[in-house]
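J.: Structure for the following, please:
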Amino acid sequence: MSTRKAGVSSAEEIQSFVAKAGPRLLVIDVRNPDPAVEPGDQKSLKVAGIPSSSYRPQAVHLVYDRETKTMPLPGVEKDTPIITHCGGGGRGQKAKDLLMENGFTNVINGGGPKETDCWKEFGEK
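T.: Reported below is the predicted structural model:
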């Protein structure tokens, strides 16, 4: 396995977080499906598609924009347990930091489909 990017939680941390969160868990997928903007996301999108009401029901898709360093904020309570992810963890960490700067208090970075041991803990949520 390759070295995790800074800030990506371990599989054990994610497993504990998911168990404690239960149905309150929110997974935020920050990947950009536009290949002109984020060509690197195309590989991870083949492994795991964008969340929808029937696929990954505890997940929402809120694109983190590298250029503006922003993303839409989720409309949930600030203490909602949140896992951010992208393809491998870099933007997931930026999204986590942005959420925490905006008052969200219970956020971890799950990496993404590339981190298979982590992904198996929350990837279908």
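J.: List the residues that contact A59.
T.: Contact analysis of A59 by Cβ atoms under 8 Å, 6 or more residues apart in numbering lists L26, V27, I28, D29, P51, K125. (Glycine included, C-beta is placed from N, CA and C.)
J.: repeat that with 7 Å
T.: V27, D29, P51, K125 (Cβ atoms under 7 Å, 6 or more residues apart in numbering).
J.: swap in A6?
T.: Contacts for A6 (Cβ under 7 Å, 6+ apart) come out as Q93.
J.: which SS class is it?
T.: coil (DSSP: H, G, I helix; E, B strand; the rest coil).
J.: Can you read off the pLDDT for it?
T.: pLDDT recorded at A6 is 81.
J.: residue ranges with poor pLDDT in the protein?
T.: 1-2 (pLDDT under 70).
J.: Spell out the residue ranges of the helices in it.
T.: Secondary structure of the chain by DSSP state H: the helices cover 11-21, 41-47, 90-101, 116-122.
J.: winner for burial among those?
T.: Among the helices of the chain, ranked by average contacts under mean count of other Cβ atoms under 10 Å, first place goes to helix 90-101 (a mean of 21).
J.: so how far is stretch 57-67 from its chain's centroid?
T.: In terms of Cα atoms, centre = their mean, to the nearest Å, the centre of stretch 57-67 is found 7 Å from the chain centre.
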